[in-house]
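Trainee: Here is the input, now give the coordinates:
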Amino acid sequence: MTSPVGSELLPNARELFDIPDGIAYFNTASLAPTLRTGLVAGEGALLKRAQPWRIQGADWFGAAEERRALFAELIGAAADDVALVPATSYGFAVAAANLTAPPGSRILVLAGEYPSGIYTWWRFAERTGASMLTVGREPGRTWTEAVLDALAAHDDGVAVVSVPRVHWTDGALLDLDRIAEASRAAGAALVVDASQSAGAIPIDMRTLRPDFLVSVGYKWLLGPFGLGYLYVAPEHQEGRPLEENWILRKDSQDFARLVDYRTEYQPGARRFDVGARTAFELTPMALAALEQLSAWTVPRIAVTLAATTARIASAARERGLPVPAPRGPHMLGITVPEGLQRRVVAALEEANVFVGARGSAIRVSPHLHTTGADIDQLLTALDAALNRP
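Mentor: Now for the predicted structure:
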C-alpha cells in the first residue's frame, strides 16, 4: 500500500499501553488494548459518577459533543454529520431504516462479511422485496474487481452496496473511491463498515461521499466498548431515527422545559443518536483515545503499521504462507495449511502470542505497542506450531 504523502514513522509507543513484557498482542482488530491515559480517564470518571451531585447539566452534552467532533475530524467530516451509536448493528439499522429498494433489486455484500453487515440486510430484503447479491472473489482477483464486475453485470438493479474498507477476516483491501464512483453511477446507496479501518487508514468523507459509514470505537479507535460512530450524509439527515429519546430533541439542554414536548430534533445527524449517549463512565476514555489518535494522526499511524505488517508479511511468504494482496496497512491474514488453524492459534497463545482466527486465516493486527521483539516472538512461535507433530 502506498504511504500517505508527507507521513513519517511514529516512534514505538508501548509505554502508553498496559502491556507487560513477554506479551505479544496482535489482536487489535478484535479488541484494542486500552491506553494508560484512557485508564486514568476512566478511573476519574467512575469516581465522579460515584458522586452525582458533581455532575452538572452541561455535563450531559459537552463531552458527547467533543467526542462527536473528534471523530468527525478523523474522517474528514463535519460534526453535524456524525451520530453517536453503540454498535455497528445499530448503525446498519439506522441506514436500513432510511434507505429503500425496489422489489426485485439487489443488496450487494461481500462473501464472508461480518455478520452485522449481513443480518440487517436480510431483514431489509424481507421488507422491500429486494434480494441479496453476495460477491465472491476468485483466485487472482481483488475484492475491488469483484465488486465492480458485479455492479457492471447488474447495473440497473443494485439498490444498496454495503462493503468495508478492508475485509475483516484478513485485511484484504477494497478501493472504496472506485466502488463509490461505480455505486453512484448505478444509482445505488453506499454503506461502509469502517470498524476495521477508522483510526488506522485515512478516510475522507469529502471525497468518498458514502450515504452511511459506521464504526465501533473499541478496535482501531482504541476506545471502550459500547461507544461507536455513524456518519450520515446530509441528504439523509431529515430521516427517521430508530428511537425517540429525549436528548435528541431540540432544546433538550433546558431541563426545566423537557415536558414542553418538541417535534423538532437537534441539528444534523444528532437525531440518530442512541439514548444514554452521554455515557458518563466511558466517554472520558473515548476522548482520551481520540485525542491520542489526533496527536499521532491517522496517516502516520497507517505508514507506521504498514512497516510492521510488511515485515510480518515478508516472513510469512518466506515460509510459504500466503497473505492477501492488496491489503490494508494495519492487518493481514496468514493462511496456514488446512486443518491447522485452531491448533496454531492455541499454540501461539501458549507462547503468549495473541492473534485472531477469522475465516480461513490467522489474523494478525498489531498497533503502536508492537515491538520488534513481539514480531520475533510471533514468528518463533509460528514456526514451532507448524513444525509440531
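
Trainee: The stretch 101-250 of the chain: helices as residue ranges?
Mentor: Secondary structure of the stretch 101-250 of the chain (DSSP state H, counting those that start in this stretch): helices located at 116-128, 143-153, 176-185, 205-208.

Trainee: So for Leu382, which of those sits nearest?
Mentor: helix 143-153 (25.8 Å; Cβ to Cβ). In this view, the C-beta of every residue, glycine as well, is placed from N, C-alpha and C.

Trainee: Work out the gap between that closest one and the centre of the chain.
Mentor: Relative to its parent chain, helix 143-153 has a centroid offset of 23 Å by Cα atoms, centre = their mean, to the nearest Å.

Trainee: what does stretch 269-281 give?
Mentor: For stretch 269-281, the distance to the chain centre is 18 Å (Cα atoms, centre = their mean).

Trainee: outside of it, which residues touch it?
Mentor: With Cβ atoms under 8 Å, 6 or more residues apart in numbering as the test, stretch 269-281 has contacts from 42, 45-46, 48-49, 55, 59-61, 63-64, 80-86, 90, 94, 226-227, 230-232, 237, 239, 241-243, 245-248, 265-266, 286.

Trainee: and the end-to-end length of that stretch?
Mentor: End-to-end distance for stretch 269-281: 23 Å, by Cα to Cα, to the nearest Å.

Trainee: Can you give me the buried ones in that stretch?
Mentor: Judged by neighbour count (16 or more other Cβ atoms under 10 Å), stretch 269-281 contains these buried residues: Ala269, Arg270, Arg271, Phe272, Asp273, Val274, Arg277, Thr278, Ala279, Phe280.

Trainee: Then stretch 233-251?
Mentor: Buried, per 16+ other Cβ under 10 Å, within stretch 233-251: Ala233, His236, Gln237, Pro241, Leu242, Ile247, Leu248, Arg249.

Trainee: Nearest to Phe124 among those?
Mentor: If you rank these by distance to Phe124 using Cβ to Cβ, Leu242 comes first, at 13.6 Å.

Trainee: so who does the closest one touch?
Mentor: Tyr90, Ala93, Val94, Ala97, Phe272.

Trainee: Can you read off the backbone torsions of the first one?
Mentor: Okay, so that is Tyr90. phi -70, psi -40 (degrees, to the nearest 10).

Trainee: Tell me the confidence at it?
Mentor: The model reports Tyr90 with a pLDDT of 98.

Trainee: Distance of it relative to Arg209?
Mentor: In this structure, Tyr90 and Arg209 are 22 Å apart, going by Cβ to Cβ, to the nearest Å.

Trainee: So for these two, which residue has more residues nearby?
Mentor: Tyr90 (22 against 15; other Cβ atoms under 10 Å).

Trainee: nearest spatial neighbour of the more buried one, skipping sequence neighbours?
Mentor: Val274 (6.3 Å; Cβ to Cβ, 6 or more residues apart in numbering).

Trainee: Go ahead and list the helix or strand containing the one you found.
Mentor: Assignment of secondary structure by DSSP states H and E places Val274 within no helix or strand.

Trainee: And the one 5 residues further on, by the same measure?
Mentor: Under the assignment given by DSSP H and E, Ala279 is not contained in any helix or strand.

Trainee: For it, give me the pLDDT.
Mentor: pLDDT, read off for Ala279, is 97.

Trainee: Over to the one 4 residues further on?
Mentor: Listed pLDDT for Thr283 reads 98.

Trainee: How about the contacts made by it?
Mentor: So Thr283 contacts Ala45, Ala63, Ala64, Arg67, Leu227 (Cβ under 8 Å, 6+ apart).

Trainee: dump the residue contacts of the fourth one.
Mentor: This means Arg67. Residues in contact with Arg67, defined by Cβ under 8 Å, 6+ apart, are Leu84, Leu227, Thr283, Ala286, Leu287, Leu290.

Trainee: Please name the nearest non-neighbouring residue to the fourth one.
Mentor: Nearest residue to Ala286 in three dimensions, chain neighbours excluded: Gly223, at 4.0 Å (Cβ to Cβ, 6+ apart).

Trainee: distance of that neighbour from Thr283?
Mentor: Using Cβ to Cβ, one gets 9 Å for the distance from Gly223 to Thr283.

Trainee: Below-threshold pLDDT in the protein: ranges please.
Mentor: Within the chain, the stretches with pLDDT under 70 are 1-7, 388-389.

Trainee: In it, where's the longest helix?
Mentor: helix 298-318 (DSSP state H).

Trainee: Output the buried residues of stretch 269-281 in CSV, with distance to Val191 appended to each entry.
Mentor: Listed next are the buried residues of stretch 269-281 as CSV, based on distance: Cβ to Cβ, whole Å:
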residue, distance to Val191
Ala269, 14
Arg270, 20
Arg271, 18
Phe272, 14
Asp273, 19
Val274, 18
Arg277, 21
Thr278, 27
Ala279, 25
Phe280, 31
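
Trainee: Tell me who's in contact with the residue most central in space within the chain.
Mentor: With distances taken as Cα atoms, centre = their mean, the chain has Ser195 as the residue nearest its mean C-alpha position (1.1 Å). Contacts for Ser195 (Cβ under 8 Å, 6+ apart) come out as Thr88, Tyr114, Pro164, Trp168, Val214, Ser215, Val216, Lys219, Trp220, Gly228.
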